[in-house]
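# One predicted model, sequence on top.
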Amino acid sequence: MHRRQLLQLFGGLALGGVSGLRAQSRSRRRIVVAGGGIIGASIAYHLAQRGAAVRLLEKTEPAAGATRNSFAWINAGFSKRPREYYRLNHLSMLAYRQLAVDVGDSLPVQWGGSLAWFDRAEATARLERQVRARQAWGYPVHLVDDEEFRRLEPGVVRNSASPAAHATEEGNVDPVAATQALLDGARSAGAEIDYPCEVTGLDRSAGGLSGVRTTQGPFEADALVIAAGVATPRLAAMAGLGVPLKESPGLLAHTDPADRSVGRVVLAPGAHVKQKHDGRFVVGAALGDTAVADNPDEASPTDTSAERGRRMLDAAALVVPAISGATFDRVTLGFRPLPRDNYPVVGFAERQPDVYLAVMHSGVTLAPLVGRLAAQEILDDVRVDLLEPYRVERFG
Ligand SMILES: Cc1cc2nc3c(=O)[nH]c(=O)nc-3n(C[C@H](O)[C@H](O)[C@H](O)COP(=O)(O)OP(=O)(O)OC[C@H]3O[C@@H](n4cnc5c(N)ncnc54)[C@H](O)[C@@H]3O)c2cc1C
């Protein structure tokens, strides 16, 4: 798509949600971002692009948390409900296209969509209803028959001729490389990035936040963005804020590089599979509402043994036979930064107006849009309508 068309499409949709713009610019304030996962990296990138004075502090190394262990499927799929949350995710898919134009080839997104299906009649009927409902929301998804499926993904075997849902504009990304690309872009625009550097406390003066304490000494700050994934509640507590998360572990099995046989994200009844740019297969155990049903491994969601990993690959090889010829590499365990009600927490806290919170699942999908809108809220002293459902105050 042409760059100008993209800007019109994305700009028209996203900026429709902005309200209450005030004249005062905050762009000269010193902003510290705590957390170098994909969310902190995107916020730092967008702030720096706007000319703000940004310093990102990361406890260990970039993408060390959930981001590194993410399946990293970019989607606004059937689990993204209600409509306003679906819309946020869909807009972020469009924002990825814009970001890919801006950042260039270093943003390693693979487009081509996803293919999802079930082998049970009841689940297939539900899938068909979901496709129709999403089409009514304007989402680019449609049913494909078996012949079309085999044309799209000849390397995938199905033991069912049931229709599959092809969501054509979804994609997947290497989350570590994407985070690095955003940090590189932030640095080029003037941001300072420090790691290892853990934020350990906040300094306040009569006028509000004055700085942060860290393992590398103090830094002055007029505003703090907390994008620390599952560590967010601990940092938020330093500011007297409660951010309730629930535990949500997720396993992925990885192979060494293999010949290419899958182009799209494959959401099969027994496994979720993608193949990275470098040929490595990544297999998910259970993700969202297309999770594997009746899987005995569900009882041990943190088992990272090689045996468990091989079982995951065996299940995936029934769908993508090339996986049986690939060499098992490792199992990774990640913890989704999942707020208690499953929806993002984004925005300045009313009780601490110099502390901006950004913690969410589906953060790989949401990073481009959240980064852009967070920068707008921080620098322009505005509340973006699209983010209103996701304020921390909803938890009371
Ligand atoms: C198994 C699994 C599968 C997933 N699949 C998908 C998917 O398909 N699609 C999707 O969109 N999302 C997916 N997600 C969710 C997505 O990965 C996360 O929402 C996203 O990575 C969150 O990014 P983040 O930057 O908020 O957090 P993190 O990546 O966790 O980054 C937080 C960073 O903060 C740092 N930190 C912590 N404390 C401090 C401190 N005191 N000072 C400084 N730094 C600190 C940490 O070291 C860490 O690097 C998945 C997650 C998992 C675990």
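Received it, and whenever you're ready, just let me know what you need. Numbers count the residues shown, from 1 in each chain.

# Check which helices and strands the one helix or strand residue 185 maps to sits against.
Per DSSP states H and E: residue 185 is located in helix 175-188. For helix 175-188, the packing partners by 3 or more C-beta pairs under 8 Å, 6 or more residues apart in numbering; DSSP states H and E come out as helix 38-49, strand 53-57, helix 83-103, strand 192-194, helix 363-380. The way it works is simple: take the backbone N, C-alpha and C, and place the C-beta from them, glycine included.

# Mind putting those into TSV with mean neighbour count and distance to residue 137?
Conversion of the helices and strands packed on helix 175-188 to TSV gives the following (neighbours: other C-beta atoms under 10 Å; distance: least, C-beta to C-beta, whole Å):
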stretch	mean neighbour count	distance to residue 137
helix 38-49	30	25
strand 53-57	24	35
helix 83-103	20	6
strand 192-194	17	38
helix 363-380	26	16
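
# Put together TSV for these, with distance to residue 242 on each row.
Below are the helices and strands packed on helix 175-188 laid out as TSV (distance: least, C-beta to C-beta, whole Å):
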stretch	distance to residue 242
helix 38-49	19
strand 53-57	22
helix 83-103	22
strand 192-194	28
helix 363-380	20
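
# mind exporting the helix holding residue 185 as PDB, just the C-alpha atoms?
The C-alpha trace of helix 175-188 is given here as PDB (Å, rounded to 0.1, in the frame of the first residue of the first chain):
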ATOM      1  CA  PRO A 175       9.400  -9.700  19.100                       C
ATOM      2  CA  VAL A 176      13.000  -9.300  20.200                       C
ATOM      3  CA  ALA A 177      14.200  -7.900  16.900                       C
ATOM      4  CA  ALA A 178      11.100  -5.600  16.800                       C
ATOM      5  CA  THR A 179      11.900  -4.300  20.300                       C
ATOM      6  CA  GLN A 180      15.500  -3.700  19.300                       C
ATOM      7  CA  ALA A 181      14.400  -1.900  16.100                       C
ATOM      8  CA  LEU A 182      12.200   0.400  18.200                       C
ATOM      9  CA  LEU A 183      15.000   1.100  20.700                       C
ATOM     10  CA  ASP A 184      17.400   1.800  17.800                       C
ATOM     11  CA  GLY A 185      14.900   4.200  16.400                       C
ATOM     12  CA  ALA A 186      14.400   5.900  19.800                       C
ATOM     13  CA  ARG A 187      18.200   6.200  20.300                       C
ATOM     14  CA  SER A 188      18.600   7.700  16.800                       C
END
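
# Can you add distance to the ligand and mean pLDDT and give the helices and strands packed on helix 175-188 back as TSV?
TSV is the format used below for those (distance: least, C-beta to the nearest ligand atom, whole Å; pLDDT from 0 to 100):
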stretch	distance to the ligand	mean pLDDT
helix 38-49	4	98
strand 53-57	5	98
helix 83-103	8	97
strand 192-194	9	98
helix 363-380	3	98
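
# quick one, strands of the stretch 151-300 of the chain?
Using DSSP state E, counting those that start in this stretch, the strands of the stretch 151-300 of the chain run over 164-167, 171-173, 192-194, 199-205, 208-214, 219-220, 223-226, 245-246, 249-257, 265-267, 272-275, 280-284.

# Would you tell me which of the ones you listed gets closest to residue 380?
strand 223-226 (12.9 Å; C-beta to C-beta).

# That closest one packs against which elements?
strand 30-34, strand 208-214, helix 232-238, strand 352-359, helix 363-380.

# before we move on, the earlier item: now the strands of the stretch 151-300 of the chain as TSV including distance to residue 316?
Output for the strands of the stretch 151-300 of the chain, formatted as TSV (distance: least, C-beta to C-beta, whole Å):
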stretch	distance to residue 316
strand 164-167	17
strand 171-173	15
strand 192-194	36
strand 199-205	39
strand 208-214	42
strand 219-220	45
strand 223-226	36
strand 245-246	27
strand 249-257	8
strand 265-267	9
strand 272-275	5
strand 280-284	4
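
# ok, back up a step: what are the buried residues along the helix holding residue 185?
Across helix 175-188, burial judged by 16 or more other C-beta atoms under 10 Å covers 175-187.

# Also stretch 55-74?
55-59, 62-74.

# Do me a favour and get the end-to-end distance for that stretch?
27 Å (C-alpha to C-alpha, to the nearest Å).

# swap in stretch 230-247?
Taking C-alpha to C-alpha, stretch 230-247 runs 9 Å from one end to the other.

# low-confidence ranges in the stretch 151-300 of the chain?
For the stretch 151-300 of the chain, applying pLDDT under 70 flags the ranges 286-299.

# Could you list the contact residues of it toward the ligand?
198, 199, 227, 228, 229, 231, 235, 250, 252, 287 (C-beta under 6 Å from any ligand atom).

# Now rank those by neighbours and give me the top one.
Using other C-beta atoms under 10 Å as the neighbour test, these are led by residue 227, with 35 neighbours.

# Provide a list of residues in contact with it.
Under the criterion of C-beta atoms under 8 Å, 6 or more residues apart in numbering, the contact list for residue 227 reads 33, 34, 35, 37, 39, 40, 43, 358, 359.

# Please determine how far residue 74 is located from residue 194.
Distance, residue 74 to residue 194, using C-beta to C-beta, to the nearest Å: 29 Å.

# can you check residue 212 too?
On the measure of C-beta to C-beta, residue 212 and residue 194 end up 11 Å apart.

# do residue 284 as well
33 Å.

# Residue 370 reaches residue 41, doesn't it?
No. If you go by C-beta atoms under 8 Å, residue 370 and residue 41 don't touch, sitting 11.2 Å apart.

# per-domain residue ranges of the protein.
What automatic domain parsing lists as the domains of the chain is 3-69+176-246+340-395, 114-168+249-335.

# Comparing those, which comes out most buried?
domain 3-69+176-246+340-395 (a mean of 20; mean count of other C-beta atoms under 10 Å).

# How far off centre is that domain?
Taking C-alpha atoms, centre = their mean, to the nearest Å, one finds the center of domain 3-69+176-246+340-395 at 14 Å from the center of the full chain.
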